[in-house]
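A.B. asks: please work out how this folds:
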Amino acid sequence: MKYTVSLHQGWLLTTRFGAVLMATALLLFTTLQPAVAADSDPSINAAEASFRYIASTLRRFRDSGRLVNNPGIDGADLEEFFSLLNDFYTRFSRDFGADSAMCQFYTDPENSRMTIEDRAELGFSFMLELDDRLARYIQVDRDFQEAVEKEFGSILLANINAAKGAIVSNQRLPTSEFDEAARINFADTACF
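C.D. replies: Numbers count the residues shown, from 1 in each chain. Just a heads-up that it's a prediction; the model follows:
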């Protein structure tokens, strides 16, 4: 009987420990949920895809002088199309473009006495908080979609949206909290 009681007590202890572990895991999951949701939110993914499309298209145009993988723009609308892309690139990258406070701080020769890690961390402090950045990127993407449809029609918008999946770009939006190495990589890509 004594053996049964100790076995029962061991099961009870294990069950309580398991319950505490489960509660802790649930608490951590719900606490970290917004960061996980940001990466899997379709609106954020769409904004990221639009930004990559815009950045890649502009880079390729600067490199080659032509519109690579033309989504259906004729020659008469080419200048207006690139003007629209430039405008939305600027709107997306307002906080991390070459002229942003983040990049000005990160590349300032006066700050070269700091470690690169400290420069990147302090540079990131000039950007909006993550939730505010995400909301702004989603709104800029909505505005981009509406502007393309209004100026060039729904067929061109559909062609651009179809082309987004195949775009490869080293530029990205800061849609999550970055660790030390990711902050440095992002700042090096965005600021130089």
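
A.B. asks: residues touching the residue lying closest to D77 once chain neighbours are set aside, list them.
C.D. replies: Closest residue to D77 apart from its sequence neighbours, by CB to CB, 6 or more residues apart in numbering: F152 at 6.6 Å. C-beta: built from backbone N, CA, C; applies to glycine. Each residue near F152 by CB atoms under 8 Å, 6 or more residues apart in numbering is listed here: G72, I73, D77, F81.

A.B. asks: tell me the SS of the closest residue to R60 other than its chain neighbours?
C.D. replies: Nearest residue to R60, sequence neighbours excluded (CB to CB, 6+ apart): V68, at 4.4 Å. Following DSSP: H, G, I helix; E, B strand; the rest coil, we place V68 in the coil state.

A.B. asks: cool, and R52?
C.D. replies: helix.

A.B. asks: where's it relative to R119, distance?
C.D. replies: Computed as CB to CB, to the nearest Å, the R52 to R119 distance reads 26 Å.

A.B. asks: just the buried members of the contacts of F152?
C.D. replies: Buried members of the contacts of F152, counted by 16 or more other CB atoms under 10 Å: I73, F81.

A.B. asks: pLDDT below threshold where in this protein?
C.D. replies: 1-40 (pLDDT under 70).

A.B. asks: please redo it, this time with the cut-off set to 50
C.D. replies: 1-38 (pLDDT under 50).

A.B. asks: helices of that one, start to end?
C.D. replies: For the chain, the helices defined by DSSP state H cover 2-40, 42-64, 78-92, 101-107, 116-124, 130-152, 154-163, 180-191.

A.B. asks: dump those helices to TSV, plus distance to S169.
C.D. replies: Listed next are those as TSV, based on distance: least, CB to CB, whole Å:
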stretch	distance to S169
helix 2-40	18
helix 42-64	4
helix 78-92	11
helix 101-107	18
helix 116-124	21
helix 130-152	15
helix 154-163	12
helix 180-191	10
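
A.B. asks: does A46 touch Q139 like I think?
C.D. replies: No. Assessed by CB atoms under 8 Å, A46 is found out of contact with Q139, at 11.9 Å.

A.B. asks: who has more neighbours out of the two?
C.D. replies: The neighbour comparison of A46 against Q139 (other CB atoms under 10 Å) goes to A46, with 18 against 13.
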